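Peer 1: Curious how this folds, go ahead:
(one chain, ligands or ions: 1)
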Amino acid sequence: MASKTKFQAIRGTRDLLPPETALWNRVEQTAHEVFATYGFGEIRPPIFEPTELFARAVGGETDIVSKEMYTFQNPTGLAPMVHEKEMVGTLAEMSPESEMISLRPEATASVCRAYIEHNMQQLPQPVKLYYMGPMFRRERPQKGRYRQFYQIGAEILGGPDAPAIDAELIEMLMTFFDKCGLQGTELSVNSIGHAADNCRRGYVALLKAELEKVKDKLGADSQRRIETNPLRVLDSKLEYEQPIIATLPRIADHLCDECKTHYAAVKHELEQRGVIYRENWRLVRGLDYYMRTTFEITAQGLGSQNAVCGGGRYDGLVELLGGPPTKGIGFAIGEDRLILSLQESGKGAAPQGRDVYIAWMGERAYATAIRAAKDLRNAGFRVELPPTELKFGKALERASKLGSRFALILGDNEVADGQWTLKTLADGSQQKLTEQALLEYLLKP
Ligand code: HAM
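Peer 2: The predicted structure is shown next:
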């Protein structure tokens, strides 16, 4: 006997259903349109890549790579399916790494890999690409945080060292949010300099020394991060750590002259474009590839998971992945959070009713109903044609339950006379129309 197990979507994953999916489509359509106006083309990289790609790009010590990736042995050839026991969770458990693949936790690494693989440095620079699709991270699920979540992201690769590139990318992002109707957006920007002794490396050494002095007052996570990634301590949300963090040295005071100039120019460019921003010296981001400009956008109605987008500059990443020295900057929007915020502010999608419900009775009427449904659908109307015959009363009940605007009543009499009955469900009025007149009537604005 077949087991009666009732399956459920795996923890941290969910089904996106109508009418909500209409809102997802609207948001994605807006992204296609806005990004195209800025000269971006769409890239669709695969959903899994070698684990090593993410380890190298995002950083082996980051939470994303060390704890959150879905990683498994890549069965080569037609090997049998991997047994559950062989599935491993953390990078530390993997060996040999070349055989391991991971579901993508983000897509910047994939876009850089594709840039190198397809010799895109030979195209006119910079190359502007965007993507949308699911990402996977084994995080603790909560509102706005899922294990399969969706991002809409954009990357600019190559081109000159120009702060205008950073500013235009952010301008595009804010234009997109505006067109989506997102409320209460706040853009935070920062510069985390570049990896040199007279810039970020020097600052991190100083920060580490200062953190050592207050180590005992910090929580376990921050204590660990003093060793692994001191910058990430600045990210802490722990209440009791806030006054301590407030007294730490700030990176803006320790940037090299070039990074300082670059940061000032990005801010100036944002102002020229009328983009409102707030500086946040603690914005360091959780991925290792960033340098100079970092930014994040929060929106209303999201609770603690209120970052709806994060991004930054990553000059050097393409080189790190084996390509030529290449500049890079990009962002990724958390689409789930964007949708949540739109819904919370009343911008959700209403259930879509039908335009026309065809209430038919009788053999001849059915043949006409099939043809009418086809013609109306061709003309772009949402049409419901019941698959079995229903008494007119029952059919009209269904029509209003489905939120139909009109019911087209087709009985043998209507078909014989060539005069169809159209009922407007809002006021119950009825009129007789020929087939041609009916289409014209429905098409009238
Ligand atoms: P990220 O900050 O890790 O950056 O993710 C970007 C956005 O994805 C977050 O701001 C959030 O809205 C959303 N997000 C992240 N994790 C989850 C989750 N578990 N559930 C729901 N939403 C989530 C990146 O991924 C970089 N690749 C962005 C980038 C592109 N930087 C340069 N280019």
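Peer 1: Quickly note the distance from the residue nearest to residue 201 when sequence neighbours are not counted to residue 229.
Peer 2: Excluding the flanking residues, the one nearest residue 201 by Cβ to Cβ, 6 or more residues apart in numbering is residue 195, at 5.7 Å. In this view, the C-beta of every residue, glycine as well, is placed from N, C-alpha and C. Going from residue 195 to residue 229 by Cβ to Cβ, to the nearest Å gives 13 Å.
Peer 1: Between these two, point out the one with more neighbours.
Peer 2: Neighbours were counted for residue 195 and for residue 229 using other Cβ atoms under 10 Å; residue 229 has more, 18 against 12.
Peer 1: Count the residues that sit near whatever residue of the stretch 251-400 of the chain ends up closest to the ligand.
Peer 2: With Cβ to the nearest ligand atom as the measure, residue 334 is the residue of the stretch 251-400 of the chain nearest to the ligand, at 2.1 Å. Neighbourhood size, residue 334 [other Cβ under 10 Å]: 27.
Peer 1: in which helix or strand would I find the residue nearest to it when sequence neighbours are not counted?
Peer 2: Spatially, and ignoring its direct neighbours in sequence, residue 334 is nearest to residue 308 (5.7 Å; Cβ to Cβ, 6+ apart). Taking DSSP states H and E as the criterion, residue 308 maps to strand 307-313.
Peer 1: That strand pairs with which strands?
Peer 2: strand 291-298 (antiparallel), strand 328-334 (antiparallel) (DSSP bridges).
Peer 1: That one near the ligand at all?
Peer 2: Yes - against the ligand, strand 307-313 shows contacts by Cβ under 6 Å from any ligand atom at 307-312.
Peer 1: Give me the contact list for that strand.
Peer 2: Here strand 307-313 makes contact (Cβ atoms under 8 Å, 6 or more residues apart in numbering) with 153, 166, 169, 173, 177, 182, 185, 192, 285, 290-299, 302, 327-334, 337-338, 341.
Peer 1: what about 7 Å?
Peer 2: 166, 173, 285, 290-299, 302, 328-334, 337-338, 341 (Cβ atoms under 7 Å, 6 or more residues apart in numbering).
Peer 1: and if you look at stretch 416-435?
Peer 2: Contact with stretch 416-435 is made by 399-400, 404-410, 414, 438, 441, as judged by Cβ under 7 Å, 6+ apart.
Peer 1: quick one: which of those sit in helices?
Peer 2: Using DSSP state H, the members of the contacts of stretch 416-435 that fall in helices are 399-400, 414, 438, 441.
Peer 1: Residue 146: which of those is nearest?
Peer 2: Nearest to residue 146 out of those is residue 400 (Cβ to Cβ; 36.3 Å).
Peer 1: and the gap between the residue lying closest to the closest one once chain neighbours are set aside and residue 376?
Peer 2: Distances taken as Cβ to Cβ, 6+ apart put residue 425 closest to residue 400, at 5.4 Å, once the chain neighbours are dropped. Residue 425 is 16 Å from residue 376, where distance means Cβ to Cβ.
Peer 1: Of the two, which one has the most company?
Peer 2: residue 376 (21 against 17).
Peer 1: So for residue 319, what's the pLDDT?
Peer 2: The model reports residue 319 with a pLDDT of 98.
Peer 1: Quick check: buried residues in the helix or strand hosting it?
Peer 2: Counting by DSSP H and E, the element that carries residue 319 is helix 317-320. For helix 317-320, burial by neighbour count (16 or more other Cβ atoms under 10 Å) applies to 317-318.
Peer 1: Wondering if it reaches the ligand at all.
Peer 2: No - in terms of Cβ under 6 Å from any ligand atom, no part of helix 317-320 sits within range of the ligand; the closest distance is 8.9 Å.
Peer 1: how far is stretch 181-195 from where the chain is centred?
Peer 2: 17 Å (Cα atoms, centre = their mean, to the nearest Å).
Peer 1: Given the helix or strand where residue 421 lies, what are its sheet partners and their directions?
Peer 2: If you go by DSSP H and E, residue 421 is part of strand 420-424. In the sheet, strand 420-424 lines up against strand 406-410 (antiparallel), strand 430-433 (antiparallel) (DSSP bridges).
Peer 1: looking at the ones you listed, which is closest to the ligand?
Peer 2: When those are compared by Cβ to the nearest ligand atom, strand 406-410 sits nearest the ligand, at 41.1 Å.
Peer 1: Just the element for residue 152, please.
Peer 2: strand 148-157.
Peer 1: who's in contact with the nearest residue to residue 265 once chain neighbours are set aside?
Peer 2: The shortest distance from residue 265 to any non-neighbouring residue, by Cβ to Cβ, 6+ apart, is to residue 163 (3.8 Å). For residue 163, the contact set (Cβ under 7 Å, 6+ apart) comprises 262, 265-266, 269.
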